[in-house]
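Student: make a model of this:
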Amino acid sequence: MTLADDPHDDGALPDFAEPVPGAPTLSPPDEAARSRSKALILTVIGASVAIIAVVALVLSQTLFKQPGDDTDWAAPPSGTATGQKEYVPDPDDPDLAPPPPIFTQAPSASCSVLPQASVSQQPPGKVRGGGLQYTLPSTWGFPWGNGNLSYMEDVSGYARNVEDSWYSVVSVGRVVWPESEGAYPGSEQAAVTIFQCYATSSGLIEYFGETPVVTDYRTEATTVDGTPAWIVQATYHFDRPELTTTDQSIVTSIVVETPNGPSALVSDIAADHPDHVQDLQDIIASLEVVS
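Tutor: Below is the predicted model:
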């Protein structure tokens, strides 16, 4: 049926301004309803703003990334699949860095070898040379005459057998600097020079090879019996097929400013024999300054 067919239609539109008979009357919203409506509107607006901010941030870090930015978004992250940075060794780490040149190069001094015959009286149970003496361990039963220690006189030493003709040795004596080489350079330079000369002249190259691995090195100020001193020490690793119980040696040089002039301890100990290493520690701890 169309509007033209309605018998009640008089052709006029209904007047919506007048209430329809029988229809419920709506009251205006109270204040609580208005507050809830405002809260709902504000919540929707806030959520919309947050979403827009997130989208803008993502776009700024991707599509809008400028060519001059630091991050290379085309390159995969370095390191592992979890995004951890790749480990780069610290070249200044003493456990990773190569040893200082004083432990690897030939000495710059001439390594003058002086008459070394001992002239000091040997107290019972002690080994004395120059202005130093140490307590002799009971297991060290071999008197040792080096004859090739540089810049030292009045030298006394003892040794302990490692295997076959290989020995751990500790010697003490007076430090003497020839006038032809200038004035005594002080305990630090003297300890470095004596260390280098001993390491080469005592057979480091002949017995340990031309390029030994050097670890546990140190060169630093110390004291001996309350007296200023300087110690230079390092462990040399070598390959000698005829040796079955050792392949590393601790070389030590300590110069002490004793009252009657500088004196030194020089030693070469089997580093892989704990009892020999302990003997060296005990010997150094027992060092006494004598006149």
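
Student: now the host helix or strand of Asp268: buried residues?
Tutor: Using DSSP states H and E, the element containing Asp268 is strand 261-270. Neighbour-count burial for strand 261-270, counted by 16 or more other C-beta atoms under 10 Å, picks out Pro262, Ser263, Ala264, Leu265, Val266, Ser267, Asp268, Ile269, Ala270. In this view, the C-beta of every residue, glycine as well, is placed from N, C-alpha and C.

Student: now tabulate these in TSV and tack on pLDDT.
Tutor: Below are the buried residues of strand 261-270 laid out as TSV (pLDDT from 0 to 100):
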residue	pLDDT
Pro262	98
Ser263	98
Ala264	98
Leu265	98
Val266	97
Ser267	96
Asp268	94
Ile269	96
Ala270	97
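
Student: now, which of the residues you listed sits nearest Val214?
Tutor: Val214 has its nearest neighbour among the buried residues of strand 261-270 in Asp268, at 14.0 Å by C-beta to C-beta.

Student: name the SS class of Lys172, please.
Tutor: I think there's a mix-up here, since residue 172 is Val and not Lys. strand (DSSP: H, G, I helix; E, B strand; the rest coil).

Student: about what we covered before: so what strands line up beside the strand holding Asp268?
Tutor: strand 166-175 (antiparallel), strand 248-258 (antiparallel) (DSSP bridges).

Student: next SSE after that strand?
Tutor: Immediately after strand 261-270, counting by DSSP H and E, sits helix 274-286.

Student: let me know the angle separating that next one from strand 261-270.
Tutor: 170 degrees (axes from the mean of the first three to the mean of the last three C-alpha atoms, to 10 degrees).

Student: using CSV, list the CA coordinates for helix 274-286.
Tutor: Extracted C-alpha coordinates of helix 274-286, given in CSV (Å, rounded to 0.1, in the frame of the first residue of the first chain):
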residue,chain,number,x,y,z
PRO,A,274,104.8,-25.7,42.8
ASP,A,275,107.4,-26.6,45.4
HIS,A,276,110.1,-24.7,43.5
VAL,A,277,107.8,-21.7,43.1
GLN,A,278,107.1,-21.8,46.9
ASP,A,279,110.9,-22.0,47.5
LEU,A,280,111.3,-18.8,45.5
GLN,A,281,108.6,-17.0,47.4
ASP,A,282,110.2,-18.1,50.7
ILE,A,283,113.6,-17.0,49.5
ILE,A,284,112.4,-13.5,48.5
ALA,A,285,110.5,-13.2,51.8
SER,A,286,113.6,-14.1,53.7
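
Student: name the residues that touch the helix or strand following that helix?
Tutor: Using DSSP H and E, the helix or strand that follows helix 274-286 in sequence is strand 288-289. Strand 288-289 is contacted from outside by Gly131, Leu132, Gln133, Tyr134, Val224, Asp225, Gly226, Thr227, Val256, Thr258, Pro259, using C-beta atoms under 8 Å, 6 or more residues apart in numbering.

Student: could you rerun that using 10 Å?
Tutor: The contact list for strand 288-289 (C-beta atoms under 10 Å, 6 or more residues apart in numbering) reads 123, 126, 128, 131-135, 224-227, 229, 256-260, 263.

Student: can you check stretch 209-219 too?
Tutor: Counting by C-beta under 10 Å, 6+ apart, 94-95, 98-100, 102-104, 188, 191-192, 195, 199, 204-205, 208, 230-240, 248-253, 271 sit against stretch 209-219.

Student: give me every residue that touches Ser112.
Tutor: Residues near Ser112 by C-beta under 10 Å, 6+ apart: Ser150, Tyr151, Met152, Val176, Trp177, Pro178, Ser180, Glu181, Thr193, Cys197.

Student: ok, now which ones touch the first one?
Tutor: Right, Ser150. Contacts of Ser150 (C-beta under 10 Å, 6+ apart): 107, 109-114, 116, 175, 193-198, 200-202, 266.
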